[in-house]
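In: Predicted model follows, preceded by the sequence.
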Amino acid sequence: MRQTDTPAEDHLSFQARLVAALRRLTNPRSLRWKIAAGVAAAACAMALGIGVLVHRTTEARSMNIGQGNAIGELEAARTQYREERNGQAATSERQAYQIDGELPDQLLHRLGSDPRRSPLTWYDTRKPAQGPRMWAAERVDGHALAVSVDMGAELRSLQALDRHITYAATATLAVVVPLAVLAAELVLRRLRRVAGTARRIKRGDLDARTRSGGHDEITEISSAVDLMADALQERLRTEQRFTADVAHELRTPLAGLVTSASLLPESEATGLVQDRVRVLRALVEDLLEISRLDAGAEKADTQPVPIGELVTESVRRTGLETEVVVRGEPVAETDPRRLDRIVTNLVLNAHRHGAAPVRVTVDGTTIVVRDHGPGLPPNILDHGPQRFHTGAAERGHGHGLGLTIALGQSEVIGARLTLANADRPRGAVATLTLPGRAEDPHHPQA
């Protein structure tokens, strides 16, 4: 029977989820930000392309208008210049034209001496403070005649257009990028769901499924994970049924073997046979217990238990030299039979695969079993205990069922069993944390 989380545990869980969410949000390698960066780059490229196209088109239009205005004034100036040379009065307002030496050198150079090249126009940007001007020039009666019109208004209009394009592109990015992040989050949420299902399956929850709907690639991944989980679950159930069937089938002939061994006359050979029969009987009982744990048929029968006394008695029954340290007189709601089984297996495992001294420490709802052997192998630390596999030759010989049973019984009573290695001095450390909070009968809680 699992215990509900306390408010403190709920608060810590909320903080852990919040920290994980912030890490995902600020991770620059996240697919979310890669998608957002790609969308932003595409939007910037599109805005730049459109901006350059509009800028050049508007600039060309302004140049054409300026050239047309300048040529129109040049025609009026030509008529006026000829009237003044012929001594006639001007028929219109005098044009501010320039001739020969009054013209800029660049314009005279472009005009040359060939009258067939005229009229021509020249965009003058030599004096930024005064603004650009558009010149129109031609040769009239052997003289160079030119007029200029102010292009400052067109330049300012073009600059204003560039600013507005920049503002529009920035506003578009401000809208498009958050929308891209939101769209990516919808996709990533489905991917995280698939990843979470895979992690649950890894932790042993074989009923976990994604059950994602749709017809896209993520749905294909989800379906593949679900099919893999179905196949894995069926394979494990087949293995569990095989283990249970073997254990049950061995039980009847084993009972007869135990009875027959007890009837043998006393001798050294009889002692060896009886010892091996006891080992075989313990192995079959362990297999039956594991099959019941795998089937989920075990239920905890909780009651108030003095943890220190139970642990001390469990260690004493092993008959092995083990130091027991109990701090206070803690009492917890748990199943005494299963707790005894867990402690016994941990102590036997420490002596069988570790080295003396072995110490058991009881502090509140936490029970720590520590040996001074070579420590646990990496595969057990990474993947947990596995039946019929001890992990390393230096850890000794065995069936690998002790830790498996301890872990299964811990799940039944809602406890948490963690395995680790100590640094100095070396050794394996098994920590059993019971659910709830220990109570000291001599110090009742208010």
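Out: That came through fine.
In: what's in contact with stretch 173-185?
Out: 31, 32, 33, 35, 36, 39, 40, 43, 44, 47 (Cβ atoms under 8 Å, 6 or more residues apart in numbering). Using the backbone N, CA and C atoms, a C-beta is placed for each residue, glycine as well.
In: gap between whichever helix in the chain runs longest and the chain center?
Out: Using DSSP state H to define each element, the chain has its longest helix at helix 31-85. Chain-centre distance of helix 31-85: 48 Å, with Cα atoms, centre = their mean, to the nearest Å.
In: same question for it, mean pLDDT?
Out: The pLDDT scores in helix 31-85 average 90.
In: Following the chain past that helix, name the next helix or strand.
Out: Next in sequence after helix 31-85, counting helices and strands by DSSP states H and E, comes strand 98-99.
In: and the following helix or strand past that next one, what does it pack onto?
Out: Once the chain leaves strand 98-99, the next helix or strand it forms, by DSSP H and E, is helix 105-111. Using 3 or more Cβ pairs under 8 Å, 6 or more residues apart in numbering; DSSP states H and E, the elements in contact with helix 105-111 are strand 120-124, strand 133-140, strand 143-150.
In: List buried residues within the contacts of stretch 173-185.
Out: 32, 33, 35, 36, 39, 43, 47 (16 or more other Cβ atoms under 10 Å).
In: Can you name the two of the residues you listed that sit furthest apart?
Out: 32 and 47 (22.3 Å; Cβ to Cβ).
In: All the strands of this protein, in order from the start?
Out: 98-99, 120-124, 133-140, 143-150, 303-306, 323-327, 331-334, 359-363, 366-370, 416-422, 427-433 (DSSP state E).
In: on that earlier part again, for residue 54, state which of the buried ones among the contacts of stretch 173-185 is nearest.
Out: residue 47 (10.4 Å).
In: Would you agree the closest one is in contact with residue 164?
Out: No - using Cβ atoms under 8 Å, residue 47 is not in contact with residue 164, being 11.9 Å away.
In: can you redo the strands of the chain as TSV with mean pLDDT and distance to residue 289?
Out: Shown next, in TSV, are these (pLDDT from 0 to 100; distance: least, Cβ to Cβ, whole Å):
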stretch	mean pLDDT	distance to residue 289
strand 98-99	82	112
strand 120-124	90	96
strand 133-140	89	99
strand 143-150	89	100
strand 303-306	91	20
strand 323-327	91	25
strand 331-334	89	18
strand 359-363	92	22
strand 366-370	92	20
strand 416-422	89	16
strand 427-433	91	18
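In: Would you tell me which of those gets closest to residue 224?
Out: Nearest to residue 224, of those and by Cβ to Cβ, is strand 416-422 at 31.9 Å.
In: Can you list the strands that the closest one pairs with?
Out: The strands beside strand 416-422 in its sheet (DSSP bridges) come out as strand 427-433 (antiparallel).
In: what's the burial count for the nearest residue to residue 317 once chain neighbours are set aside?
Out: Once flanking residues are discounted, residue 317 sits nearest to residue 344: 7.1 Å by Cβ to Cβ, 6 or more residues apart in numbering. Using other Cβ atoms under 10 Å, the number of residues around residue 344 comes to 18.
In: Okay, helices next: where are they in the stretch 301-446 of the chain?
Out: 307-318, 336-353, 378-383, 402-412 (DSSP state H, counting those that start in this stretch).
In: Pipe these into TSV and attach distance to residue 152 and mean pLDDT per row.
Out: Below are the helices of the stretch 301-446 of the chain laid out as TSV (distance: least, Cβ to Cβ, whole Å; pLDDT from 0 to 100):
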stretch	distance to residue 152	mean pLDDT
helix 307-318	92	91
helix 336-353	90	89
helix 378-383	75	77
helix 402-412	83	85
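In: Save these as JSON lines, and put in distance to residue 186 too.
Out: Compiled in JSON lines, these are given as follows (distance: least, Cβ to Cβ, whole Å):
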{"stretch": "helix 307-318", "distance to residue 186": "49"}
{"stretch": "helix 336-353", "distance to residue 186": "45"}
{"stretch": "helix 378-383", "distance to residue 186": "34"}
{"stretch": "helix 402-412", "distance to residue 186": "35"}
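In: closest to residue 236 out of those helices?
Out: Using Cβ to Cβ, the nearest of these to residue 236 is helix 402-412, at 13.7 Å.
In: helices and strands around that closest one, which ones?
Out: Using 3+ Cβ pairs under 8 Å, 6+ apart: helix 402-412 touches helix 268-295, helix 336-353, strand 416-422, strand 427-433.
In: rerun at 6 Å
Out: Here helix 402-412 touches helix 336-353, going by 3 or more Cβ pairs under 6 Å, 6 or more residues apart in numbering; DSSP states H and E.
In: And the helix it packs on, what's buried?
Out: In helix 336-353, counting by 16+ other Cβ under 10 Å, buried: 336, 338-353.
In: Stretch 411-418 now?
Out: Those would be 411, 412, 413, 414, 415, 417, for stretch 411-418 by 16+ other Cβ under 10 Å.
In: go on, stretch 61-81?
Out: 62, 66-67, 69-71, 73-74, 76-78, 80-81.
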